[in-house]
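[1] Build the 3D model from these lines:
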Amino acid sequence: MLIKHSYLTLCLTTALFSNQLLANNSMTIAMDEHIEILAEKAQRAFPTRDEAKAELKKVAGGTNLIDIAKLPARQATLQDALGFEPGIIMQSFFGGNDQPRLNIRGSGVQSNPVNRGVELLFDGMSLNQADGSFIIGFLDPKSTDIITVYRGANGIRYGGTTLGGAINMISKNGTTSSPSIRLEYGSDHRIGANVQVAGDSKDWDYFVNVSRDSADGYRHFSESKRSSINGNIGLDITDTLSNRTFIQWSDSEFQIPFVVPKARALADAKLIMGDGNTPLDSLLNVYNRKPHRDSQVNRIANKTRLSQDNIIHELNLVVQQVDDIFADPLMHNITTSDDLGFEYALSAQGDYVSEQDDFFLSITANTSDMNRAYAATNPTNGSMLPAFAQIDLDASNVIIAAQWQAELSNNLQLVTAAQWVNSRRNSSDNANAEYNQDKSYHSINPKLGIIYQTSDEIRFFANISSTSEAPTFWELASASVSPKNPAMTKLTLNDLSAQDSTTFEIGSSGKLNNTQWNLALYRSKVDNELISIVSDFAVNGSTSNYSSGSIHQGMEFELVQQISDDLFTHGDTLSSKLVYNYSDFYFDGGKYDNNQIAGIPKHVAQWQLSYQRGGFYIAPSIKWQMDDTPIDHANNQFQDAYTLLSVQMAYQVNQHLKVYFDGQNLSDENYQTSYVIRGFSAEQQPSFLPGFGTTYSLGMNYMF
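    Numbers count the residues shown, from 1 in each chain. The predicted model follows:
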């Protein structure tokens, strides 16, 4: 299959630009790379920042490291933390604490609601349920120290089996944090409050974070609130044995203003179905049907590390309970899940085969005992009618992963890895044998990569890898309710294969004088891609494997440039950051041959110019979605291109107090942030989620 000309052009252009960049050695920059942590603290608070950074440098592929403390303003949502990163596309739904669409290399973007395609982890331990699904609203950046992202098959280290990879949120702890209070107020009566306490002694430390966020929402019927408690306690048992226990409780609630036809989105972004007088307004009246999502998680996890010379053993245990009510305008999905996870990991360093070898072996097992009830929504008051189906869902996975990284020469490393996966997805209903299904998925996912290190600061990499992603129960079971007659209901079990992919990737990362970059080019051939398509009414979706194949290819690029020191006065700095994501995902044969896969914009560029003088910081930014994006696989209807202007300001009053301001969409652009995906979408159908207008947020953080 020929690669598209546009993709080749971008690759050549990037290669030429990189050569010019590497040739320029006349500039200087001060980069914050070394963070000193006392040895006894580093052992107990594992992984340390230095360990996390060193681990990312050993990955022969695209990665990200986000230091939450360096976010200048808001830290309220996942959009705040990950919305300005190469390789990560975030599409807000309603602007509150809801379920933004998270995309890495196209994995999981077809799911409705957005709930698969990436392995989400807290401190290396999975937040996903065993079927691969997740509730993204449980992630709270305010309790996080750093976030590491392993894009694509690079997530093999943490049991990731998806095209999207893994996102690992590493918690704050008593060795890295101080007590503080954070308060925020913003547009649409958004209120945020956060209190954290922390302490550290010779052999133990503790950390507790209590957070509350609420907002009325920009659109009609879009209130949201989230409460969470996160904490951990670390203990040095002996000089070589350390333990840390984590607790999490999160409660997330939000109303769903639902999608509208494009004409209404353009006329007034706040309007919802029920604000007009059309037949569809009467049929899908949001005020009457009251779509919403209420989710709660209770979680306890434990990590134990044993360090012996050049060998490290880690044992991780997770127990969590999830209660979830997801109600769209036609139907309630009520899920309870008891999840159990286990991981043993062995890391060893030495000169066993080459001059320097890094071995890694992990055995991961997890299981979820789930119960899901399906009930129609009362169209007059939004209440839940008696369940028309209730099934028991059992999911389990056993994953064995091994990696060997060898030093072939002073500047060349070979990375070989493989992953064996055994997954089960079983559903049963004692009252109805039609809902009984046993599915088993097996795969071996190899990876081969090289890292060429021209210096301590500059590296190039290449890899070929494979993934195999089993469907979740959201794809395996499709329920539908007639909008005109809620008594007409149906539940169908789908016979789905796993989604397989083979990916080629090359790239580079590093620093040269006053320039820092991160670049990855990838091309994935996907077989049996899981494609979810909703009906005319934007709900009642179903999933199938696209048997003709598809291509996911793109470029992920970040450029950080320190433009000037002492620009206006001694000690001030001016710098810029550019992030560009190119996502060319298309069908390779079949019904939609050569059409773009709906859901992801092809070109997204973000640029920020930041100025800092002493404790003062200001950073205007621009986000440019360059082209219209198809919202259906037939490429008949499109999301409009848009440009958003924003600004962040902060002032460090003294060593304790910081105040900040965050302004979004300052030009009040009328745009669509997201949409539902169909095979064919007509203009009169409700399809779009309008973006929110100009919004402001003021905040302060006081550290004791």
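[2] Please state the offset of stretch 536-553 from the chain centre?
    Its chain's C-alpha centre and that of stretch 536-553 lie 21 Å apart, by Cα atoms, centre = their mean, to the nearest Å.
[3] Endpoints of that stretch, how far apart?
    End-to-end distance of stretch 536-553 (Cα to Cα, to the nearest Å): 30 Å.
[4] residue ranges of the strands in the stretch 301-450 of the chain, please?
    311-327, 331-350, 357-377, 384-409, 412-428, 437-453 (DSSP state E, counting those that start in this stretch).
[5] low-scoring stretches of the stretch 51-200 of the chain, by residue?
    94-98, 110-114 (pLDDT under 70).
[6] Go through stretch 228-238 and flag the buried ones.
    228-234, 236 (16 or more other Cβ atoms under 10 Å). Bear in mind the C-beta positions are built from the backbone N, C-alpha and C, glycine included.
[7] Show me what the residue nearest to the spatial centre of the chain bridges to in the sheet.
    The centre of the chain sits closest to residue 102, judged by Cα atoms, centre = their mean, with a distance of 4.9 Å. Beta bridges link residue 102 to residue 90, judged by DSSP bridges.
[8] from memory it sits against residue 87, does it?
    No: with contact defined as Cβ atoms under 8 Å, residue 102 does not count as touching residue 87 (11.4 Å).
[9] what's the distance between residue 127 and residue 576?
    Note on residue 127: its distance to residue 576, by Cβ to Cβ, to the nearest Å, is 34 Å.
[10] next one: residue 246
    Distance from residue 246 to residue 576, by Cβ to Cβ: 37 Å.
[11] More neighbours: which of these two?
    residue 246 (22 against 15; other Cβ atoms under 10 Å).
[12] Which residues are in contact with the more buried one?
    By Cβ atoms under 8 Å, 6 or more residues apart in numbering, the contact list for residue 246 reads 122-123, 125, 171, 230-232, 299-303.
[13] wait, is it part of a helix?
    No: using DSSP: H, G, I helix; E, B strand; the rest coil, the assignment for residue 246 is strand, not a helix.
[14] Quick check: bridge partners of it?
    residue 232, residue 301.
[15] mind checking how far it is from residue 208?
    Counting by Cβ to Cβ, the gap from residue 246 to residue 208 is 11 Å.
[16] any shared contact partners between these two?
    230-231.
[17] what's near enough to touch residue 149?
    Applying Cβ under 8 Å, 6+ apart to residue 149 gives the contacts 63-66, 82, 85, 87-88, 104, 165-168.
[18] Of those residues, which belong to strands?
    Of those, the ones assigned to strands by DSSP state E are 63-66, 165-168.
[19] Kindly indicate which of the residues you listed lies nearest residue 57.
    Of all the ones in strands among the contacts of residue 149, residue 57 sits closest to residue 63, with 8.6 Å by Cβ to Cβ.
[20] separation between the closest one and residue 364?
    Taken as Cβ to Cβ, the span from residue 63 to residue 364 is 20 Å.
[21] The spatially closest residue to residue 673 that is not a sequence neighbour - how many residues pack around it?
    Leaving out its chain neighbours, the residue that sits closest to residue 673 by Cβ to Cβ, 6 or more residues apart in numbering is residue 691, at 3.9 Å. By the criterion of other Cβ under 10 Å, residue 691 has 24 neighbours.
[22] And the one 4 residues further on, by the same measure?
    Residues contacting residue 695 under the criterion other Cβ under 10 Å number 19.
[23] Excluding sequence neighbours, find me the nearest residue to it.
    Closest to residue 695 by Cβ to Cβ, 6+ apart is residue 187, at 4.0 Å.
[24] what's the answer for residue 164, then?
    Counting by Cβ to Cβ, 6+ apart, residue 107 is the residue found nearest to residue 164 once chain neighbours are left out, at 3.2 Å.
[25] residue contacts, that neighbour?
    With contacts defined as Cβ under 8 Å, 6+ apart, residue 107 is in contact with 116-118, 162-165, 469.
[26] for it, phi and psi?
    phi -80, psi 130 (degrees, to the nearest 10).
[27] shift numbering so it begins at 8
    Yep, numbering from 8; the last one is residue 114 now.
[28] What separation is there between it and residue 594?
    Taking Cβ to Cβ, one finds residue 114 at 16 Å from residue 594.
[29] again with residue 327
    Distance from residue 327 to residue 594, by Cβ to Cβ: 37 Å.
[30] before we move on, what about residue 588?
    Residue 588 sits 20 Å away from residue 594, taking Cβ to Cβ as the criterion.
[31] tell me which of the contacts of residue 114 is nearest to residue 523?
    Nearest to residue 523 among those, with distances taken as Cβ to Cβ, is residue 172, at 21.8 Å.
[32] show me the contacts for the nearest residue to the closest one once chain neighbours are set aside.
    Nearest residue to residue 172, sequence neighbours excluded (Cβ to Cβ, 6+ apart): residue 162, at 3.6 Å. Applying Cβ under 8 Å, 6+ apart to residue 162 gives the contacts 126, 169, 171-173.
[33] and of these, the nearest to residue 521?
    For the contacts of residue 162, the nearest to residue 521 is residue 172 (30.1 Å; Cβ to Cβ).
[34] if I've got this straight, residue 270 is in a strand?
    No: applying three-state DSSP, one finds residue 270 to be helix, outside a strand.
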